[in-house]
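**Student:** structure of the sequence below:
(2 chains)
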2 protein chains.
Amino acid sequence: MAALLLRDLAQVATPAADAGQVARGRDLRAVDVIEDAYILCRGETIAAVGRMRDLEPLDGDIEEIDCAGRSAVPGLVDCHTHPAFGGDRVGEFSLRAGGASYEELHAAGGGILSTVAATRALSPDALLERVTEHAEWMLAHGTTTWEGKSGYGLDHDTELASLKAVRVAGGSPTWLGAHSVPPEHPDADAYLDFVLADVLPEAAQLADAADVFLERGAFDAPRARRYLEACAAAGLALRLHGDQFTESGAVPLAIDLGARSIDHLEATGAIGVQELGYSDVIAVLLPASALFLDRPMPPGRALADAGAAIALATDFNPGSSFTTSLPLIASLACTQLHLAPEEALVAMTLNAAHVVGAADRGRLAPGMRADVTLLDAPDWRYLAYHLAGDLVSTVVRAGATAYRR
Amino acid sequence: MAALLLRDLAQVATPAADAGQVARGRDLRAVDVIEDAYILCRGETIAAVGRMRDLEPLDGDIEEIDCAGRSAVPGLVDCHTHPAFGGDRVGEFSLRAGGASYEELHAAGGGILSTVAATRALSPDALLERVTEHAEWMLAHGTTTWEGKSGYGLDHDTELASLKAVRVAGGSPTWLGAHSVPPEHPDADAYLDFVLADVLPEAAQLADAADVFLERGAFDAPRARRYLEACAAAGLALRLHGDQFTESGAVPLAIDLGARSIDHLEATGAIGVQELGYSDVIAVLLPASALFLDRPMPPGRALADAGAAIALATDFNPGSSFTTSLPLIASLACTQLHLAPEEALVAMTLNAAHVVGAADRGRLAPGMRADVTLLDAPDWRYLAYHLAGDLVSTVVRAGATAYRR
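**Tutor:** Sure, this is the predicted structure:
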């Protein structure tokens, strides 16, 4: 079995073993830091983590990487991305910089539907090529596990091609069949009739989870419930885009349905924060989207203080968050959401792994999958501190070097 | 003479020839975009820029770079950085993420003076090594011309070593002798007595400009005037850190002294904006610093609308803006300062070059220095759109390839 030794690391930082299966409250800060450390991988799994001085002589054929001056964190987990799209929205971005609002651009025929048209125009191979390129961008930023949504097809073939492309490119597919109402359907109800009858049966075979955009102008709470209940019956885990622009009943719905996560929450008020604090629904915060759209940041500090389980993700998509950098998200978490670096790390490793349903990831400990992101930094907190830095030097995924700068 | 042809570029974008020596008002949006383009460099200079179909056969030994799928902008100019420092401030960053304010941390013995201690502890060679590393970071983000300040020495030897290190590493040195009052001096007046008598004579030989931190807790307006007038008499161009936390008379002082720039301006009100609109002082905006400290953004849109000449820079430093990425600054300019991508580009090329006193840079046109940043993007506006993207693929500086990813 192949062995890989990462030696002489300045620091290894990992969510602690007692951080809980999903960390919340004080456990969100439970990060173990080992100085002058090593990580030993055997096959696809971590065999040992410890201090160099405790490293015993190793037998057999072992590949070694000298990690002097570098720090290790668990391979990052991006639990909310929309990588299956054609075209871009750079023209819309430029218009918005000149003053137009997201909702105005959406109403003017920009927004999601312009990407739907560009995505439908791609062959399945071309779509896979795009998703694969996006996955490479993620990897170069230290991401070893990622979720990828459909939702820019909104027809039978393109939705299924999107889910397949995410799977083939190495991601965990989420069927975002209820992202927007495409123009060939007269209204949201008619679209849901179509999509639940004609797409769900196959989508449920390809996807790990289902997701809905519960928002003014997209799907309201009763329609979101209808979509999610049908998806749950087909065996999919549930997620929601909720409270991005308006508080529209997404939090109670997520809790009532036992959703795995509710994502966005920029508009969530004090009651919603408290409700999430008492629930098992993971609050997925997407600060790059708030930055990109110049909208209020989600209440990260308040959610953490209320005892909510929080995760962080990029929300990578062409319209409202054109970034694949989880290190940038860590910087935004610390500067804009007022989270400690420890909370940011746990939120984009251990907790994000649970959002994706990958409980074997997100910690550097024996038995976990050997996913390690090496940072060119003497202190692991540079992950957040070195804003937009060229920080990620090497990425190990399942015990093998997947990226080297 | 060596020749280099950048061919088959998707786009070339450059401040227009008629953008004015320093662009302001409508000229800030004057960007020429050429599709399917080439750039021909001869020696250190641009010889021609045009469309591929107009490219005539070339004689002689010409190196060619196939730039299909890539876009070119002028080599970026970072006109405000503090690269000469030892240590880091990651501990302070983490404390602030937990709730402490910048001024509280400063008062608690963190802040600038902690970096002063770490910088004084470095030998001149070690300081040069740090500055050189920081210059490499800048280059990898597409920066071909940069200004670097002293100001973490605040004693004779370290200030001069800082200026020399910036020069040797390829930057334009600015003497920030009045950054803070170090503990060995009883007060600001006594410190200025020392620094103007014992450091200025040699600093004036090494630096291109002088700078002062005009702020509550640092130097007030009368002391800033004293420092700057002495520096002007010694032949240095003048710059000011003004209105970062409080409006303290920096704008009128900058105008009265004919300073080349006033930098920060997060706290500048409507009157200051109007005054800058009528003046020749360039307003240097540093949005990453506002982001890093979670402070209000500077009034970029209002300044541009008032007719001010604006530039953009990273403010790279260990305490309040640990970033060397001008592409990130472009993203923040568009999303947080409400500037169009064209305004952001002009502000970090043509106008920033004038802040640094490098009038031969900042445009892609015959006769300008051949500084070109190639972006992995079909549209040059990805510079701002692709948030924290690994965008910069190749950098040409003075006609030679200086960086390739």
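**Student:** contacts, neighbours, all on C-alpha from now
**Tutor:** Fine.
**Student:** interface residues of the stretch 251-400 of chain A facing chain B?
**Tutor:** Within the stretch 251-400 of chain A, the positions adjacent to chain B are A:291-294, A:321-325, A:328, A:334-336, A:338-341, A:379, A:381-382, A:385-390 by C-alpha under 8 Å from any C-alpha of the partner chain.
**Student:** and the residue in the stretch 51-200 of chain A that chain B sits nearest to, how close does it get to B:Val77?
**Tutor:** When scored by C-alpha to the nearest C-alpha, the stretch 51-200 of chain A has A:Ala97 as its residue closest to chain B, at 5.0 Å. Distance of A:Ala97 to B:Val77, given as C-alpha to C-alpha, to the nearest Å: 22 Å.
**Student:** between the two, which one's more packed in?
**Tutor:** B:Val77 (32 against 23; other C-alpha atoms under 10 Å in any protein chain shown).
**Student:** so who does the more buried one touch?
**Tutor:** By C-alpha atoms under 8 Å, 6 or more residues apart in numbering or on different chains, the contact list for B:Val77 reads B:Thr143, B:Thr144, B:Thr145, B:Trp146, B:Ala313, B:Met348, B:Thr349, B:Ala352, B:Ala353, B:Gly362.
**Student:** which ones among those are found in strands?
**Tutor:** Under the assignment DSSP state E, the contacts of B:Val77 contribute B:Thr143, B:Thr144, B:Thr145, B:Trp146 to strands.
**Student:** surely the second one meets B:Leu76?
**Tutor:** Okay, so that is B:Thr144. Yes - using C-alpha atoms under 8 Å, B:Thr144 is in contact with B:Leu76, at 5.7 Å.
**Student:** so for those two, which residue has more residues nearby?
**Tutor:** Between B:Thr144 and B:Leu76, counting by other C-alpha under 10 Å, B:Leu76 is the more crowded of the two (33 against 28).
**Student:** nearest spatial neighbour of A:Leu265, chain-adjacent residues omitted?
**Tutor:** Distances taken as C-alpha to C-alpha, 6 or more residues apart in numbering or on different chains place A:Asp243 nearest to A:Leu265, at 4.6 Å, with adjacent residues excluded.
**Student:** can you list phi and psi of that neighbour for me?
**Tutor:** phi 60, psi 40 (degrees, to the nearest 10).
**Student:** would you tell me which helix is longest in chain A?
**Tutor:** helix A:124-140 (DSSP state H).
**Student:** report the distance from that helix to the chain centre.
**Tutor:** 16 Å (C-alpha atoms, centre = their mean, to the nearest Å).
**Student:** by contact count, what packs against that helix?
**Tutor:** helix A:156-168, strand A:392-397, strand A:400-404 (3 or more C-alpha pairs under 8 Å, 6 or more residues apart in numbering or on different chains; DSSP states H and E).
**Student:** of these, which approaches B:Leu236 most closely?
**Tutor:** When the helices and strands packed on helix A:124-140 are compared by C-alpha to C-alpha, strand A:392-397 sits nearest B:Leu236, at 40.0 Å.
**Student:** ok and the closest one relative to strand A:400-404, angle-wise?
**Tutor:** 150 degrees (axes from the mean of the first three to the mean of the last three C-alpha atoms, to 10 degrees).
**Student:** domain assignment for chain A?
**Tutor:** Domain assignment for chain A, taken from automatic domain parsing, gives A:3-75+A:363-404, A:77-355.
**Student:** what's around A:Pro378, how many residues?
**Tutor:** 17.
**Student:** I'd like the domains of chain A as JSON lines, with mean pLDDT and distance to B:Leu28 appended.
**Tutor:** Converted to JSON lines, those look like this (pLDDT from 0 to 100; distance: least, C-alpha to C-alpha, whole Å):
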{"stretch": "domain A:3-75+A:363-404", "mean pLDDT": "96", "distance to B:Leu28": "26"}
{"stretch": "domain A:77-355", "mean pLDDT": "96", "distance to B:Leu28": "13"}
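**Student:** tabulate the ones you listed (a markdown table), appending distance to B:Leu58.
**Tutor:** Below are these laid out as a markdown table (distance: least, C-alpha to C-alpha, whole Å):
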| stretch | distance to B:Leu58 |
| --- | --- |
| domain A:3-75+A:363-404 | 38 |
| domain A:77-355 | 35 |
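**Student:** and these: which comes nearest B:Asp305?
**Tutor:** Comparing the domains of chain A by C-alpha to C-alpha, domain A:77-355 comes nearest, at 11.9 Å.
**Student:** and the closest one, how far apart are its ends?
**Tutor:** 9 Å.
**Student:** could you do stretch A:327-342 as well?
**Tutor:** 13 Å.
**Student:** what does stretch A:147-163 give?
**Tutor:** 11 Å.
**Student:** show me which residues of it are buried.
**Tutor:** Neighbour-count burial for stretch A:147-163, counted by 16 or more other C-alpha atoms under 10 Å in any protein chain shown, picks out A:147-156, A:158-163.
**Student:** circling back: out of the residues of the stretch 251-400 of chain A next to chain B, which are inside strands?
**Tutor:** Per DSSP E, these never map to strands.
**Student:** can I have the buried ones of these as a ChimeraX selection?
**Tutor:** The following ChimeraX line selects those of these that are buried, judged by 16+ other C-alpha under 10 Å:
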select /A:291,292,293,294,321,322,323,324,325,328,334,335,336,338,339,340,341,379,381,382,385,386,387,388,389,390
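**Student:** from the residues of the stretch 251-400 of chain A next to chain B, which land in helices?
**Tutor:** When DSSP H defines the helices, the subset of these inside them is A:Leu291, A:Phe292, A:Leu293, A:Leu328, A:Cys334, A:Thr335, A:Pro341, A:Tyr382, A:Tyr385.
**Student:** what is the most widely separated pair among those residues?
**Tutor:** Counting by C-alpha to C-alpha, the most remote pair of these is A:Leu293 and A:Tyr382, 25.8 Å apart.
**Student:** rewinding a little: among the contacts of B:Val77, which ones lie close to chain A?
**Tutor:** Counting by C-alpha under 8 Å from any C-alpha, no member of the contacts of B:Val77 is near chain A.
**Student:** looking at the residues you listed, which has the most residues close by?
**Tutor:** Neighbour counts for those peak at B:Ala352, which has 34 neighbours (criterion: other C-alpha under 10 Å).
**Student:** ok, that residue touching B:Pro74?
**Tutor:** No - contact criterion C-alpha under 8 Å: B:Ala352 and B:Pro74 do not qualify, at 11.6 Å.
**Student:** shared neighbours of those two, anything?
**Tutor:** With C-alpha under 8 Å, 6+ apart, B:Ala352 and B:Pro74 have common neighbours B:Gly362.
**Student:** hang on, the earlier thing: near chain B too, which of the buried residues of stretch A:147-163?
**Tutor:** Counting by C-alpha under 8 Å from any C-alpha, no member of the buried residues of stretch A:147-163 reaches chain B.
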